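**Student:** Give me coordinates for this.
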Amino acid sequence: MTKSPNNIKLIGGNSHPQLCQSVATKLGMPLARVGAFQYTNSETAVAVGESVRDEDVYIIQTCCDESKINQYLMELLITINACKIASARRVSVVIPNYFYARQDKKDKSRAPITAKLIANLLQTAGCDHVITMDLHASQIQGFFRVPVDNLYAEPSVLRYITEQFERKDLIIVSPDAGGAKRVASIADKLDVNFALIHKERQKANEISRMVLVGDVSNKICVLIDDMADTCGTLCKAAEILIENGASKVVAMVTHGVFSSNAIEKLNNSKLDRVICTNSLPLKDKAAACPKLEVIDISPTIAEAIRRLHNGESVSYLFNNVPE
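**Tutor:** Next up, the predicted model:
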């Protein structure tokens, strides 16, 4: 990383302090003295402890911890507005895991498009730019009237796969039809075959039936997905692959939510390893699951911030992993 940028303030939200500090270290600069806290009646308040006048402000906050999602969202909105009122030149938000990303379309009668509502709230608060990673649906970028940079974990995934496995033994697998494009891209770059699992849901987070399309006999299957929540899909997919002759099943996901009893499911599953990024804090989950491995995305986020601040292209990060 080059020398610390000038006229920039980096603010770390309460959702993921470790990632914020890691990004600040990569940029060679301290986190700004801006903090959010709650009053006794649970109202969120923000204290800006230093001048942000005529500065480019970058606020890092991610959607995590099922019990505090709305608290972290309000904290982000108030922090954006506080900086805007304090005469910041530009306020950019870094949201590795976008809030309410799975509510991105009207898939049934009277369903809200909450991801669009979040975009409206961020812009109303004063957000000038959004940096996120592996959006659940790429059309979310179109919900904004300000620039959105959707970074990808794919370069980090490709590096991990090439370092850990022999290509001749590999097959890349999508656990659902929605991830087929992502998996095809990775398979093409690795020059290996890919397979697809078609799943049918009766209701959210519950899978009724899975069908494998492709030959996985005697292959190491790498399941690729953008998010692991309850992990029902990954665990059931691993069973299907082993039943169809796979020698080993490894899962790679960008956002490891691991809610409810997901860790218990992973420990009892046919999965050999589960690799995720640190876009969300794992807290004690990593210790509770020996199968879990973490890829650090802070270099990618730090380089994106540096490039945006200096007016450089971000597209370099779509195919490369910064050191």
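**Student:** Just give me the longest helix of the chain.
**Tutor:** Looking across the chain with DSSP state H, the single longest helix is helix 69-85.
**Student:** helix or strand right after that one?
**Tutor:** Once the chain leaves helix 69-85, the next helix or strand it forms, by DSSP states H and E, is strand 90-95.
**Student:** contacts for that next one?
**Tutor:** 23, 56-63, 76, 80, 83-84, 122, 126-132, 301, 304-305, 308 (Cβ atoms under 8 Å, 6 or more residues apart in numbering). The C-beta positions use only the backbone N, C-alpha and C, and glycine is treated the same way.
**Student:** Looking at those residues, which are in strands?
**Tutor:** 56, 57, 58, 59, 60, 129, 130, 131, 132 (DSSP state E).
**Student:** Can you tell me which of those is nearest residue 233?
**Tutor:** Set against residue 233, the nearest of these by Cβ to Cβ is residue 132 (22.1 Å).
**Student:** ok, the closest one touching residue 151?
**Tutor:** Yes - using Cβ atoms under 8 Å, residue 132 is in contact with residue 151, at 7.0 Å.
**Student:** Next one: residue 303 from residue 23, what distance?
**Tutor:** 10 Å (Cβ to Cβ, to the nearest Å).
**Student:** Low-confidence stretches in the chain?
**Tutor:** 1-5, 200-208 (pLDDT under 70).
**Student:** quick revisit: can you put the ones in strands among the contacts of strand 90-95 in TSV and add distance to residue 101?
**Tutor:** Output for the ones in strands among the contacts of strand 90-95, formatted as TSV (distance: Cβ to Cβ, whole Å):
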residue	distance to residue 101
56	26
57	23
58	20
59	18
60	17
129	18
130	12
131	14
132	8
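**Student:** From those, pick the one nearest residue 11.
**Tutor:** residue 59 (4.5 Å).
**Student:** Burial check on that closest one, number of neighbours?
**Tutor:** 24 (other Cβ atoms under 10 Å).
**Student:** For residue 277, see how far away it is.
**Tutor:** 19 Å.
**Student:** Could you do residue 225 as well?
**Tutor:** From residue 225 to residue 277 the distance is 12 Å (Cβ to Cβ).
**Student:** swap in residue 221?
**Tutor:** From residue 221 over to residue 277 (counting by Cβ to Cβ), the distance is 20 Å.
**Student:** Looking only at neighbour counts, state which of those two leads.
**Tutor:** More crowded of residue 221 and residue 277, by other Cβ under 10 Å: residue 221, with 28 against 24.
**Student:** Confirm that the more buried one sits in a strand.
**Tutor:** Yes - counting by DSSP: H, G, I helix; E, B strand; the rest coil, one finds residue 221 located in a strand.
**Student:** residues touching it, list them.
**Tutor:** Contacts of residue 221 by Cβ under 8 Å, 6+ apart are 171, 172, 173, 195, 241, 246, 248, 249, 250.
**Student:** 7 Å instead, please
**Tutor:** Applying Cβ atoms under 7 Å, 6 or more residues apart in numbering, one finds that residue 221 lies in contact with 171, 173, 241, 246, 249.
**Student:** Pick the one among the residues you listed closest to residue 283.
**Tutor:** residue 249 (25.5 Å).
**Student:** Please identify the helix or strand for the closest one.
**Tutor:** Going by DSSP H and E, residue 249 is part of strand 248-256.
**Student:** Check residue 275 too.
**Tutor:** Going by DSSP H and E, residue 275 is part of strand 273-277.
**Student:** partners of that strand in the sheet?
**Tutor:** With DSSP bridges as the test, strand 273-277 is paired with strand 248-256 (parallel), strand 292-295 (parallel).
**Student:** Mean neighbour count and distance to residue 163 added to these, as JSON lines?
**Tutor:** Conversion of the strands paired with strand 273-277 to JSON lines gives the following (neighbours: other Cβ atoms under 10 Å; distance: least, Cβ to Cβ, whole Å):
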{"stretch": "strand 248-256", "mean neighbour count": "25", "distance to residue 163": "13"}
{"stretch": "strand 292-295", "mean neighbour count": "17", "distance to residue 163": "11"}
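**Student:** mind checking which of those is nearest residue 109?
**Tutor:** Nearest of those (Cβ to Cβ): strand 248-256, 28.6 Å.
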